[in-house]
Every structure is written in C-alpha cells, then in structure tokens.
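Engineer: Predicted model and sequence follow; I will ask about them next.
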Amino acid sequence: MADLADTIFAHSSGRPPAAIAVIRISGSHAHAAARELAGELPEPRHAALRTLRRPDGELLDRALVIRFDGPASVTGEDLVELHCHGGRAVVDGVLAALGEVTGLRQAEAGEFTRRALVNGRLDLTEAEGLADLLEAETQQQRRAALAVAGGALRNQIENWRSRLVHLSAQAEAAIDYVGDEDETALDTHAVRSAAAALVGEWRNWLERPPAELLHQGVRVVLAGPPNTGKSSLLNALVGHDRAIVTDLAGTTRDIIEVPLALEGIPLVLVDTAGLREATNKVERLGISLAEEQIARADVLLWLGDAAECPSHANVIQVHTKVDLIPPESGKRAVSVVTGEGLADLRAALLGTARLILPNEDELVLNRRQSAALGEAAHALSGMPQDLLLVAESLREARSALDRLTGRAGIEDVLDGLFSRFCLGK
C-alpha cells in the first residue's frame, strides 16, 4: 500500500481533449507545491485565475486555482485543484511540472478516496457507493449508487449501532455493579426484546435482492435445442447482429454475453450452445457451458419442448419462428422476421426482471455488507442468560457493524475496492 503521508497529484477529470481539465494535489505539501506553479494562492474555497509556470519559468497555462484547507476538504487534507484547459499537451505539461516538485508523487488508483476514508470524510459504504456510481450505466444503478454514496446506508447503520451501544451500556453497568440491584439490575427481557427487534430488521435486509444483481444486471440466458432461434432472438432483442446465425445445427459453441439496458433495466443476455447429444468434444464443451449458464440464470428463456424445460424459478417459454410454425400452447410466440410478439416478450422479460431487482426506493447490500450484517445477526440470535455472555454478544454485533462501515477490520478489502477507481478519484 502507498504511503498515505505522501503528497499526491493526479488528473481527476475526463480524458483529454476536453474544455476543462481538473488536476488535484492533496497532502501536507499541496499548498507549497501549488505555489511553485501558480504563485500566491487564493483564500480557501475561492477560485482565482493564475498563470501556471514550470519551476524554470516556462509558461504552462492560465488556470483557475482553488485552495482547500484540511480537514475541510474532500480528502481531509490540504488540497488544491487546478482547472486548466483540457488539451493533452496542457495536461501532460502540468502533470510533468508537478512531477518535478520535490516531495510529490503521482496518485495511485482510488488514493484520493482512500484518504477520505482514512481521514473520516466518508465511510466504507459511501466509498463503495461512489465506486458503483462511477460504473453506473442505467438510471436505476445511478439512483441506487447515489443513495449509498450520499450516506443513506451509513445513517441506517449508525442507527443500529446506537441502539447496540445503548444495550451494551446497560449490560456493562449491570456487570460492574453486581449486587446493587435497585440501581443497576439488567432487565434481560427488555434487552432480549430489543436485540430480537434488531435481528428481525437485519434479516429483512438480508432477504432483499443483492446489490450485485443491480450492478451487474439481470442474467437472461437463452437456452434450448439447436436451431430453435436462440441467436436470432438475441440479435432481435439487442437490436443488431451480435451472434452468428446459420441454418447449421450447433453453430453456437461458446457463450456470448451482451449487456443491455431496456427501459433503464440492466440486463445481460446470454446466448448458449444448443442442447443435444454432442457429436464431438468441442460441442460437448459448449453444451457443458450452456448447462452452467442455465444454473446461473436469473431468468431463463427456454426455446424448446416444454416437457424438456429445466426447472427454474423464473422461466419464460418462447416459441420462435411463428411465421413458419404454428405456436405451441402456453408459450410466447415470436418471429424475428416479422417482429411479431417481440414487444410482448420484451414486456414479459422486463416485468420478470423488475420482480427480481430491488425496488427503486430500497437500499440493498452487497456481498461484503451482507456477510458483516449476517455476522451481527448471528451474534444476537439466541441471546444467553449470563450477563457476561450478553455483553459479549452485543460486543460481537458492534464489531460486525464496525466492519460493515469500515471502522475496523477492513484493510483486506480496500485494495480491491480502490482498484476500481481512476487515478484522480
């Protein structure tokens, strides 16, 4: 891990060329480094036009300079933003000049946000929400990420933790003053009831769809025997040719995945090899992959005999080529040639996906967060009678919530999280 005591810099806006480029400097030497390029800095949180020069006096650009004093900055440290012209040569020149300043180094991926976390400007859930926001491709993903990045989940966790601390204080007082029953006797029934209420809330949260389903998209697998029109249907749903289509059985051997947003709903369409008795090793491998995809599917579009349809919680049976073959009863009839039934199939697919995805106004947990909350629920389940054990159970639950927000025990997850960020974030 990089030394967080270093002063760092990076290009923090979009890739040049652009109208404006934002370059950040953060750390104890940020103000001094900015003065070497821009001269006297403006008052904190005021923008001022300055001429940027290399240490040898060469003109680099005219830029807006904004100074922030720690801890009242996005990183919790002294920070300066240089708002330059966004040409590649300008950006490269300013970055090269900063690289020549003693005591500065280029930031690593996500290092600005990591410093914000370390310095208490945000917690781990907000950092995860920000990572999701940077990767959001649909409006539903954006709204969900904004809520978490804005502290909605953190506030909920703090509410739970506050209630735990209150219960722990009662238990600790009862332990410290055993014998003074009038003042410190623990109402174990009340503590048990309060703990059970917390566990009930946590289990309701754990039953919600996982955040990964929203982030990665609902996995829609097209499966069935060869030559039933899987690849043609995928191309029709996507709106352009993405899979190879021929009259030859067994054309599709590998898995084809196509991310797609329909009406703001994130989907991943998956074309698979036709299921039949394989005639060669390559086809057997393709069929094996198809079977794995069926097991992973959130929604299964089955293009085959109804009697052979795999058991699945969310299956839509489709009869393709309705322009050539009369439809089977109970199946959605479509034709990729005439377009018949495609709108109805999309509507059915979206309806199923909406039932699987979280509600738009509902906060959800990712796998890491669910694991920590599950540990907290386990700690309070079956509250013991012994006072010391009650206090220990409450402590374990608090510890699990602290891992959830990043107060403790999260160093092993940080490298993976911040590798998702760009250098200037």
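Structural biologist: On my side now, so go ahead. Since we're looking at a predicted model, the values are computed, not measured.

Engineer: and stretch 295-309, how far out from the chain's middle?
Structural biologist: Its chain's C-alpha centre and that of stretch 295-309 lie 29 Å apart, by CA atoms, centre = their mean, to the nearest Å.

Engineer: buried residues in it?
Structural biologist: Along stretch 295-309, these residues count as buried under the neighbour rule (16 or more other CB atoms under 10 Å): 297, 298, 299, 300, 301, 302, 303, 304, 309. Using the backbone N, CA and C atoms, a C-beta is placed for each residue, glycine as well.

Engineer: Please apply the same query to stretch 347-361.
Structural biologist: Neighbour counts using 16+ other CB under 10 Å place 348, 349, 350, 352, 353, 356, 357, 358 of stretch 347-361 among the buried residues.

Engineer: The first one against residue 314, yeah?
Structural biologist: Put plainly, it is residue 348. No - using CB atoms under 8 Å, residue 348 makes no contact with residue 314, being 10.7 Å away.

Engineer: For the closest residue to residue 136 other than its chain neighbours, give me the pLDDT.
Structural biologist: Closest residue in space to residue 136, ignoring its immediate chain neighbours: residue 142 at 4.3 Å, by CB to CB, 6 or more residues apart in numbering. You'll see residue 142 listed with a pLDDT of 90.

Engineer: What distance do you get for residue 142 to residue 261?
Structural biologist: Residue 142 is 11 Å from residue 261, where distance means CB to CB, to the nearest Å.

Engineer: lowest confidence element among the helices and strands of the chain?
Structural biologist: None of the helices or strands of the chain scores lower by mean pLDDT, DSSP states H and E than helix 181-184, at a mean of 49.

Engineer: Follow the chain on from it and name the next helix or strand.
Structural biologist: Counting by DSSP states H and E, the next helix or strand C-terminal to helix 181-184 is helix 188-206.

Engineer: what sits up against that next one?
Structural biologist: Contact with helix 188-206 is made by 160, 163-164, 167, 170-171, 365, 370, 373-374, 376-377, 380-381, 383, 385, 390, 393-394, 397, as judged by CB atoms under 8 Å, 6 or more residues apart in numbering.

Engineer: For residue 7, grab the count of nearby residues.
Structural biologist: Other residues within reach of residue 7, judged by other CB atoms under 10 Å, total 23.

Engineer: So what pairs up with it in the strands?
Structural biologist: Counting by DSSP bridges, residue 7 forms beta bridges with residue 104.

Engineer: does residue 61 really touch residue 93, like I thought?
Structural biologist: Yes - if you go by CB under 8 Å, residue 61 and residue 93 touch, sitting 7.4 Å apart.

Engineer: which of these two has more neighbours?
Structural biologist: A count of neighbours by other CB under 10 Å puts residue 61 above the other of residue 61 and residue 93, at 21 against 18.

Engineer: What's opposite the more buried one in the beta bridge?
Structural biologist: Beta-bridge partners, per DSSP bridges, of residue 61: residue 52.

Engineer: Next up, the contacts around it.
Structural biologist: Applying CB under 8 Å, 6+ apart, we find residue 61 in contact with 51, 52, 84, 85, 90, 93, 94.

Engineer: Count the residues that sit near residue 57.
Structural biologist: The number of residues near residue 57, taken as other CB under 10 Å, comes to 6.

Engineer: residues contacting it?
Structural biologist: If you count contacts by CB under 8 Å, 6+ apart, residue 57 has none.
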